[in-house]
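S.K.: missing the sequence, but the structure's below:
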């Protein structure tokens, strides 16, 4: 009798498990769909609320993870780094598709100046604050500064698409954001090498930076030229978007193999794909100065003369939006409440150091952007969001340094939130900034913008 009751109980337990599995799957799909709707709404409401969508996505992750325990974050902990890196690759590729060569050349100097010195000075001030206020070792302090020093292109690029600014300022900030990711990766990698007992002097670092950028640009341009020749044929086949996505991943991996900067290589791969067909037409005398000297946005010209590229932009933009949305929700789910409480004061101090370093660089660099008005320079100070790249670099530091830097993800999350609040101030102030009405009207008529939708 006891054996029979035990068998019945086991059968009922098995039946409940079978029922519970499908229910969990339905709940997961419902949650997945709800998150995508929320991400879309948050992205579109930026222009009205002036709150970056990343803040809403991270808050949602905190709510469904640590707060309400609807989802176990440990399930996704190992996938966070991969999600972040993949989203960043797609965002930079899409940004490259929407840039003109002439704009990159014209504003590269100002963007490089802003990106390099802002990263160096902000990272240095953060390191000094950590060293003398919280008594970290110099190794730990410099690693924190290198991680928190760079602006996040994953947040700044979508925000630039949604605010009313002159195109010159937008392109300068875009170039800065693209290069800042590269500086962040190089800075953290260099510091980890030094912390592991390696040697790195100023000449070595400068050579590493120069060679890395040169190899990345060369790899991206050559790959873009080759792919632009293949696209007219490939675009006639099914699933060619997936094949282009594979090419982006191969360019990223190939740049890493030759010790070039992977993200810059992806950016220039997109720039070349966007511009090279027009340059080929100039060389062949098939068009009269359309693309190299024209001020018409690349996106508008693509729609007129290169429909496959417009489709490619749409596909990769939506894929980047998907991955980016999930990454920031996952990041919010992985928040450690105890770590947040323990690092709140350090995060405020680091954010203040970032803002101070940015203000000094902007005021010292007036010669680099003499045409910018006072309010535009003020906006450059507020536009310092940290985000995806900061979180990815923080995870990389922990993977190498171990428990000694276990506080860094929680610190990075608070700094991301605080610097995005500074970005909110900037987007509100941007209402009064100078604006190119004729250019904006033409872009609106053509359905174009500087940055694609994320």
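M.R.: The structure has been received and is ready for your questions. It should be emphasised that the depicted structure is a prediction, and the values quoted were computed from it without experimental measurement. Numbers count the residues shown, from 1 in each chain.

S.K.: Report the buried residues of whatever helix or strand residue 359 lives in.
M.R.: Element membership of residue 359, judged by DSSP states H and E, is helix 337-364. Buried residues in helix 337-364, counted by 16 or more other Cβ atoms under 10 Å: 339-340, 343, 346-347, 349-351, 353-362. All C-beta spots, glycine's among them, are computed from the backbone N, C-alpha and C.

S.K.: counting contacts, what elements does it pack onto?
M.R.: Judged by 3 or more Cβ pairs under 8 Å, 6 or more residues apart in numbering; DSSP states H and E, helix 337-364 is in contact with helix 101-134, helix 138-148, helix 374-382, helix 408-429.

S.K.: can you list the residues that contact the second one?
M.R.: Read that as helix 138-148. For helix 138-148, contacts defined as Cβ atoms under 8 Å, 6 or more residues apart in numbering pick out 122-128, 130-131, 136, 184, 187-188, 190-192, 194-195, 350, 354, 386, 390, 393-394, 397, 401, 404-405, 408, 411-412, 415.

S.K.: cool, stretch 320-335 as well?
M.R.: With Cβ under 8 Å, 6+ apart as the test, stretch 320-335 has contacts from 35-36, 39, 43, 54, 57-66, 71, 73, 76-77, 79-80, 83-84, 86-87, 90-91, 93-94, 154, 387-388, 391, 409-410, 413, 416, 453-454.

S.K.: Narrow these to just the buried residues.
M.R.: 35, 39, 43, 54, 57-62, 64-66, 71, 73, 76, 80, 83-84, 86-87, 90-91, 93-94, 154, 387-388, 391, 409-410, 413, 416, 453-454.

S.K.: residue nearest the centroid of this structure?
M.R.: residue 154 (2.3 Å; Cα atoms, centre = their mean).

S.K.: Which strand or helix spans it?
M.R.: Counting by DSSP H and E, residue 154 is part of helix 153-162.

S.K.: Quick check: buried residues in whatever helix or strand comes next after that helix?
M.R.: Where DSSP H and E defines the elements, the next helix or strand beyond helix 153-162 is helix 167-195. Within helix 167-195, the residues scored as buried using 16+ other Cβ under 10 Å are 167-192, 195.

S.K.: what do you get for stretch 267-280?
M.R.: In terms of neighbour count (16+ other Cβ under 10 Å), stretch 267-280 has its buried residues at 267, 268, 269, 270, 271, 272, 273, 274, 275, 276, 277, 278.

S.K.: Mean neighbour count, the helices and strands packed on helix 337-364: which tops it?
M.R.: helix 138-148 (a mean of 24; mean count of other Cβ atoms under 10 Å).

S.K.: Got the confidence number for the closest residue to residue 387 other than its chain neighbours?
M.R.: Among residues not flanking residue 387 along the chain, residue 152 sits closest, at 3.2 Å (Cβ to Cβ, 6 or more residues apart in numbering). Looking at residue 152, its pLDDT stands at 84.

S.K.: Quick check: the gap between residue 152 and residue 38.
M.R.: 20 Å (Cβ to Cβ, to the nearest Å).

S.K.: and these two? which has more neighbours close in?
M.R.: Shown here are residue 152 and residue 38; by other Cβ atoms under 10 Å, residue 152 has more neighbours (27 against 16).

S.K.: give the contact list for the more buried one.
M.R.: 177, 180, 181, 385, 386, 387, 388, 389, 390, 416.

S.K.: let's see 10 Å
M.R.: 54, 88, 91, 177, 180-181, 184, 384-392, 416, 419-420, 423 (Cβ atoms under 10 Å, 6 or more residues apart in numbering).

S.K.: what do you get for residue 70?
M.R.: Here residue 70 is in contact with 27, 31, 63, 64, 333 (Cβ under 10 Å, 6+ apart).

S.K.: Now the phi/psi pair for it, please.
M.R.: phi -70, psi -30 (degrees, to the nearest 10).

S.K.: Looking at the contacts of residue 70, spot the one nearest residue 102.
M.R.: Each of the contacts of residue 70 was scored against residue 102 by Cβ to Cβ, and residue 333 proved nearest at 43.0 Å.

S.K.: Just the pLDDT for that closest one.
M.R.: Reported pLDDT for residue 333: 80.

S.K.: In space, what's closest to it - neighbours in sequence excluded?
M.R.: Sequence neighbours aside, residue 65 is the residue nearest to residue 333 in space, at 3.2 Å (criterion: Cβ to Cβ, 6+ apart).

S.K.: what bits of the stretch 301-450 of the chain have low per-residue confidence?
M.R.: Applying pLDDT under 70 to the stretch 301-450 of the chain picks out residues 301-310, 312-313, 336-340, 435-450.

S.K.: Which element, helix or strand, includes residue 95?
M.R.: Using DSSP H and E, residue 95 falls within helix 80-97.

S.K.: Report the distance from that helix to the chain centre.
M.R.: Its chain's C-alpha centre and that of helix 80-97 lie 7 Å apart, by Cα atoms, centre = their mean, to the nearest Å.

S.K.: Okay, angle between that helix and helix 408-429 too, please.
M.R.: Between helix 80-97 and helix 408-429, the angle comes out at 30 degrees (axes from the mean of the first three to the mean of the last three Cα atoms, to 10 degrees).

S.K.: And helix 80-97, what does it pack against?
M.R.: In terms of contacts (3 or more Cβ pairs under 10 Å, 6 or more residues apart in numbering; DSSP states H and E), helix 80-97 is packed against helix 153-162, helix 167-195, helix 202-234, helix 240-257, helix 262-283, helix 298-305, helix 307-333, helix 388-401.

S.K.: can you redo those as JSON lines with distance to residue 373?
M.R.: Below are the helices and strands packed on helix 80-97 laid out as JSON lines (distance: least, Cβ to Cβ, whole Å):
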{"stretch": "helix 153-162", "distance to residue 373": "17"}
{"stretch": "helix 167-195", "distance to residue 373": "9"}
{"stretch": "helix 202-234", "distance to residue 373": "31"}
{"stretch": "helix 240-257", "distance to residue 373": "37"}
{"stretch": "helix 262-283", "distance to residue 373": "28"}
{"stretch": "helix 298-305", "distance to residue 373": "26"}
{"stretch": "helix 307-333", "distance to residue 373": "31"}
{"stretch": "helix 388-401", "distance to residue 373": "29"}
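
S.K.: Understood, closing this out.
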